[in-house]
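after the sequence you'll find the predicted model.
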Amino acid sequence: TTAHAVDYSGPYSTELTGANLLEKTSSKVFFVVFYAPWCGTKCIHMQNTWRELGPRFQHVKGAALGHMDCTLNHETCKKLEIQAYPTLALVYSGAVQKHYLGPRDPEAMEAFVLHMAGQYTAATGGEAAHAW
């Protein structure tokens, strides 16, 4: 059987790599999907959810969405202890802060990220999570 390649890129999700992870995640919290293009049905379903989730973050200052292809960033994913695909986690300052284990729907994921981003931006003196 031929696997369908998964692609999380889009206008609302930043491609994260081993080279840019620390820089990108130093000023805001990133909700990241770690994946492999060959990972199959679970990643394909998550890709659709990710595209629904994306527009919800266009006005959020303290948080953003990101994606990392672990086949291209194997050492980074290994260091972050990513062991299954897709893995969803909150990343700040180049490190996984909290894995997301909740429901795989946009509403629940958005609530988790906004709640957690508020904690990190408040703790670091950064901007508020929402720009109203």
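Nice, I can see it. Computed from a predicted model, the values in this text were never measured in an experiment.

for the most centrally placed residue in the chain, which non-adjacent residue is closest in space?
With the centre of the chain defined as its mean C-alpha position, the nearest residue by C-alpha atoms, centre = their mean is Val32, 1.3 Å away. Computed as C-beta to C-beta, 6 or more residues apart in numbering, the closest residue to Val32 that is not its neighbour in sequence is Gly66, at 4.5 Å. Placement of C-beta: from N, CA and C, glycine included.

that neighbour against Leu16, yeah?
Yes. At 4.4 Å, Gly66 counts as touching Leu16 under the criterion of C-beta atoms under 8 Å.

CA atoms only for the helix ranked longest in the chain, dumped as PDB, please.
Ranked by number of residues, the top helix in the chain under DSSP state H is helix 106-124. Only the C-alpha atoms of helix 106-124 are listed here, as PDB (Å, rounded to 0.1, in the frame of the first residue of the first chain):
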ATOM      1  CA  PRO A 106     -10.200  22.300  17.400                       C
ATOM      2  CA  GLU A 107     -12.300  23.700  20.300                       C
ATOM      3  CA  ALA A 108     -10.500  21.600  23.000                       C
ATOM      4  CA  MET A 109      -7.100  22.200  21.500                       C
ATOM      5  CA  GLU A 110      -7.700  26.000  21.300                       C
ATOM      6  CA  ALA A 111      -8.800  26.200  24.900                       C
ATOM      7  CA  PHE A 112      -5.700  24.200  26.100                       C
ATOM      8  CA  VAL A 113      -3.300  26.500  24.200                       C
ATOM      9  CA  LEU A 114      -5.000  29.700  25.300                       C
ATOM     10  CA  HIS A 115      -5.000  28.600  28.900                       C
ATOM     11  CA  MET A 116      -1.400  27.500  28.800                       C
ATOM     12  CA  ALA A 117      -0.200  30.500  26.800                       C
ATOM     13  CA  GLY A 118      -1.600  32.800  29.400                       C
ATOM     14  CA  GLN A 119       0.400  31.100  32.100                       C
ATOM     15  CA  TYR A 120       3.700  31.300  30.100                       C
ATOM     16  CA  THR A 121       3.200  34.900  29.000                       C
ATOM     17  CA  ALA A 122       2.200  36.000  32.500                       C
ATOM     18  CA  ALA A 123       5.200  34.100  34.000                       C
ATOM     19  CA  THR A 124       7.700  35.600  31.600                       C
END
